[in-house]
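1. Got a predicted structure here, sequence first:
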Amino acid sequence: MKISREDVLRVADLAYLELSEAEIETYRTQLDSILEYIGKLNELDTTGVAPMAQVLSSDQAADATLREDAVLPCDVAGDVLRHAPDPEPPYFRVPKVIER
Amino acid sequence: MNWTIDGVRDSLAGKKISARELTAEFYKRIEARNPELNAFLALSPERAYAQAERVDALVAAGKPLPPLAGVPIAIKDVISTRGVRTTCGSKILGTYMPPYDATAVEKLEAAGAVLLGKTNCDEFAMGSSNENSAYGPVGNPAAPGCVPGGSSGGSAAAVAAGLAVAALGTDTGGSIRQPGSFCGIPAMMGSYGRVSRYGLIAFASSLDRIGPFATSVRDIAAVLRVIAGRDPRDSTSTTDPVPDYTAEAAKPVKGLRLGIPKEYFGAGMDFGVRQKIAAGIALFQSLGCELVEVAMPHTDYAIATYYIIATAEASSNLARYDGVRFGLRVNGDSLVGMYRKTRGTGFGAEVKRRIVLGTYVLSAGYYDAYYLKGQKVRTLIAQDFQKAFTQVDAILTPTSPVPPFKLGERTADPLQMYLADIYTVTGSLAGLPGISVPCGKLSGGLPVGLQIFAPAFAEVRALQLAQAFELAGGANL
């Protein structure tokens, strides 16, 4: 067993994810089998292999095609706020975070 | 009637039908079939009829028609559409109205297409059967009682059932190609960077791609040509020129060298699928293509690599759903309590599973062992393809090791569901273009798909082969 209940709780905490008791146990067993399977990558010697963080070659990558820094109109604030869970234009309202 | 893009154009130009009438005809079909298929999550008739009237005005004025004039299309619900509800198949975005259109949608409408509505999908495109949608599963019009594949199951089902002439899906590990295969229609993802991702709600940014479903390879080519190209709003979209895919797809395939990787024909492959793919390969041989055995030794590591990288990127991308700016909010006893409850309530089981896995592989102490290791193996998988493409022009594989399966048959064990993505995730990791074309049906009518991989930005090669295969009767093998 690779994954303990504490591991699941730690990760759920990092991801701000509330899980039920049933979910904690389900994910623990499922992650355990998935990580066990993923462990097969250790059969491969990757010494000296460069990690591939993205697909595009350097001449196609973002820095080769940076656009001009131009000011363009962006008039979506009203739309965005209208569909927010608790708007108080021009702000989003959230539960109080600062105690007096 | 089975409409094609050419058929729509001819009928509009010949004034046999108006774009408005054609739009109404498709909404009638949707009304009749959608209760059973559940392919559409939202319809956009106002927008569709306004566009149809613009097209009809062009016809009336005798003006030239843009390439997709009046063509009824459907859009997967992970692609943003201004003012049209976009849920990603998730409760957490149940009321989300994007304030802007994805570039691909903008381009389709600029080319005259009529946007009928949004299609069902696995939540945040995470799944291979469409059973992870918060809005219920989708039926497979080609195989009743079976799943349509996923995650773009609604787009595939809509096109296969004649409820749209073409549709957009998204592919991260097979989510266009596999549902295309399961629903018996062609389906394509272009090279990574070929189509702008602007407005595609992110799952795994280094893998996500937008691509078309249609009923013929010719129509796939026509849609791809419209949506492809550099977009200043997506810095990973390339400046590589966009060819006339429709003209290129018609070119002959005689003499092309096709790689057959033995690693794609191992254990775990359904016997019926194996027979159909063998017949498909023989058909290419009869078209004058040369078959070459190629080695892809890292294929067996692709699923493990994919599920590290995709979940790591997902856990990061999905951090934005916090109940503050859009979608669902569930109040808690504090700000963090609100985040936790919103995410715990709003996300479904598969999404939470992947966030937990992705967070784990990125967390302190595990990053090198999992995430960095995965990125290194990704390099090895990409090199397998690079080496193979020094010997061959394209690679043939099955799209899926199994035919469409029954609803509910595979939901109990997520790892088993993941393993069935084996033939599609490799090309996703390597960034290559891939197309799935119908390759016969098994007894009981279950469709089989054959997949063609081409080198990066050689979409024309995949399209040529797919079109030649289709015209030679590949679907009836």
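-> Perfect, thanks for sending it.
2. now for the chain, which residue lies nearest the mean position of the chain?
-> All of this refers to chain A. residue A:15 (8.0 Å; CA atoms, centre = their mean).
3. actually it's chain B I care about, not the one you picked
-> Closest-to-mean residue, chain B, CA atoms, centre = their mean: residue B:176 / 2.2 Å.
4. Please give me every residue in contact with it.
-> By CB atoms under 8 Å, 6 or more residues apart in numbering or on different chains, residue B:176 lies in contact with B:152, B:169-170, B:187-189, B:209, B:211, B:213, B:436. Backbone N, C-alpha and C define where each C-beta goes, glycine included.
5. ok, and the most crowded of these?
-> Counting neighbours by other CB atoms under 10 Å in any protein chain shown, residue B:152 leads those with 37 neighbours.
6. Can you name the residues that contact the residue lying closest to that one once chain neighbours are set aside?
-> Leaving aside its sequence neighbours, residue B:152 sits nearest to residue B:169 (CB to CB, 6 or more residues apart in numbering or on different chains; 3.0 Å). The neighbours of residue B:169, taking CB under 8 Å, 6+ apart as the test, are B:76, B:119, B:121, B:151-152, B:155-156, B:175-176, B:179, B:187, B:210-213.
7. Where helices are concerned, which of those count?
-> B:155-156, B:179 (DSSP state H).
8. Look up how far residue B:63 lies from residue B:19.
-> Distance of residue B:19 to residue B:63, given as CB to CB, to the nearest Å: 13 Å.
9. and if you look at residue B:365?
-> Here the criterion is CB to CB. By it, residue B:365 lies 64 Å from residue B:63.
10. ok, now residue B:317?
-> Taking CB to CB, one finds residue B:317 at 43 Å from residue B:63.
11. Helices of the stretch 101-250 of chain B, residue ranges please.
-> B:103-110, B:153-160, B:177-183, B:217-227, B:245-249 (DSSP state H, counting those that start in this stretch).
12. Show the secondary-structure elements that the very next helix or strand once past the shortest one is packed against.
-> Where DSSP states H and E defines the elements, the next helix or strand beyond helix B:245-249 is strand B:257-261. Using 3 or more CB pairs under 8 Å, 6 or more residues apart in numbering or on different chains; DSSP states H and E as the contact test, the elements touching strand B:257-261 are helix B:271-286, strand B:290-294, strand B:394-398.
13. Pick out the residue of the stretch 51-200 of chain B closest to chain A.
-> Closest contact between the stretch 51-200 of chain B and chain A, by CB to the nearest CB, is at residue B:99 (3.8 Å).
14. that older thread, which residue of residue B:365 and residue B:63 possesses the greater neighbour count?
-> More neighbours surround residue B:63 than the other of residue B:365 and residue B:63, with 10 against 6 (other CB under 10 Å).
15. and the more buried one, what pLDDT?
-> Looking at residue B:63, its pLDDT reads 96.
16. for chain B, what spans make up the strands?
-> Assigned by DSSP state E, chain B shows strands spanning B:40-43, B:72-76, B:114-119, B:166-171, B:187-189, B:209-214, B:257-261, B:290-294, B:394-398, B:434-441, B:447-453.
17. biggest helix in chain A by residues?
-> Longest helix in chain A, counting by DSSP H: helix A:21-38.
18. buried ones in the next helix or strand after that helix?
-> The element immediately downstream of helix A:21-38 (helix or strand, assigned by DSSP H and E) is helix A:77-82. The neighbour-count check on helix A:77-82 (16 or more other CB atoms under 10 Å in any protein chain shown) flags A:80-81 as buried.
19. for the record, mean pLDDT for helix A:77-82?
-> For helix A:77-82, the mean per-residue pLDDT is 92.
20. Name the residues that touch it?
-> Applying CB under 8 Å, 6+ apart, the set of residues contacting helix A:77-82 from outside is A:87, A:89-90, A:92, B:97, B:99, B:325-326.
21. what's the spacing between it and its chain's center?
-> The chain centroid and the centroid of helix A:77-82 are separated by 25 Å under CA atoms, centre = their mean, to the nearest Å.
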